[in-house]
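Student: let me see the structure of the following:
(one chain, ligands or ions: 1)
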Amino acid sequence: MRRFIIVGTTAKGSGEFSLDDLPSSSGRLDVLLRCVRAALLTSHGLRANVVVYLMLLGEGAAPRVVRIGGEGLKFVRPDERSLAVLVQKLLLRHVGQAVGQEGAFVEQKPGLAVADGGLECVLAELGGASVYVLEEGAGDVRDLDLASEDVALFVGDHRGFDDATRGAFEALGAVRVSVGPVSLHSDDVVTLVTNELDRRNW
Ligand SMILES: C[S@@+](CC[C@H](N)C(=O)[O-])C[C@H]1O[C@@H](n2cnc3c(N)ncnc32)[C@H](O)[C@@H]1O
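Tutor: Numbers count the residues shown, from 1 in each chain. Below you'll find the model as predicted:
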């Protein structure tokens, strides 16, 4: 399983944003949505072995995590506006987990779920996955002996990772890895690392 976790430092968790002014009204959810397309979609369909987590750490009902992918996920449109509509509906319809129930994620449809919480909700789902952090200046992904095809890959948004998140990565023993010498947009990084994994037949 490939899990991409996109850390949205300013993205709103409330769903209260304008589709006509997505970048500023949503706290740059657009950055995260482009990562969804890059991680999940091929030219002919959906990747069955990929799950994307959008961490929404900005103002408004945050922190929340949207989970897209896995068993049962049906057609997902590739354009940013359609993805924004999908995520907005998930956020607006989300009713938190009842006290005493297991698991942070509440599934609304197969492959689409929301959790109230932050990094802890994601970590609870990673099992034995090898954890990587995509970062400029780290060791080259091409020199990496990826130990398993069960991977969790963290990618930053337009602001990168904050100190608290970096501390959590360190505590996890996550391996920092780069996709080349140039600082890129988040979705381009997802595309490049996806290609590296594809080339290893994962
Ligand atoms: C636009 S960059 C963030 C730039 C931000 N100003 C910073 O200093 O962290 C978005 C994210 O893409 C990833 N990224 C960008 N370039 C990369 C590279 N060459 N290798 C690996 N990850 C990269 C990192 O996860 C980064 O947080």
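Student: only C-alpha atoms for contact and neighbour calcs from this point on.
Tutor: Fine.
Student: then the lengthiest strand in the chain to PDB, C-alphas only?
Tutor: Longest strand of the chain, by residue count under DSSP state E: strand 130-140. Written as PDB, here are the backbone C-alpha positions of strand 130-140 (Å, rounded to 0.1, in the frame of the first residue of the first chain):
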ATOM      1  CA  SER A 130       8.000   2.400   6.300                       C
ATOM      2  CA  VAL A 131       7.700   6.100   6.800                       C
ATOM      3  CA  TYR A 132       9.400   8.700   4.500                       C
ATOM      4  CA  VAL A 133       9.400  12.400   4.500                       C
ATOM      5  CA  LEU A 134       9.800  14.200   1.200                       C
ATOM      6  CA  GLU A 135      12.100  17.100   1.700                       C
ATOM      7  CA  GLU A 136      14.500  19.200  -0.300                       C
ATOM      8  CA  GLY A 137      18.100  18.600   0.500                       C
ATOM      9  CA  ALA A 138      17.600  15.000   1.800                       C
ATOM     10  CA  GLY A 139      19.200  11.900   0.300                       C
ATOM     11  CA  ASP A 140      18.200  11.000  -3.200                       C
END
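Student: quick one: buried residues of it?
Tutor: Across strand 130-140, burial judged by 16 or more other Cα atoms under 10 Å covers 130, 131, 132, 133, 134, 135, 136, 139, 140.
Student: for stretch 43-60, same thing?
Tutor: 46, 50, 51, 52, 53, 54, 55, 56, 57, 58.
Student: and what of stretch 109-128?
Tutor: Result for stretch 109-128 [16+ other Cα under 10 Å]: buried residues 112, 113, 114, 115, 116, 117, 118, 119, 121, 122.
Student: relative to the ligand, which of these is nearest.
Tutor: Closest approach to the ligand among these (Cα to the nearest ligand atom): residue 119, at 15.4 Å.
Student: so the closest residue in space to the closest one that isn't next to it in sequence is in which element?
Tutor: Counting by Cα to Cα, 6 or more residues apart in numbering, residue 55 is the residue found nearest to residue 119 once chain neighbours are left out, at 7.5 Å. In this assignment (DSSP states H and E), residue 55 forms part of strand 50-56.
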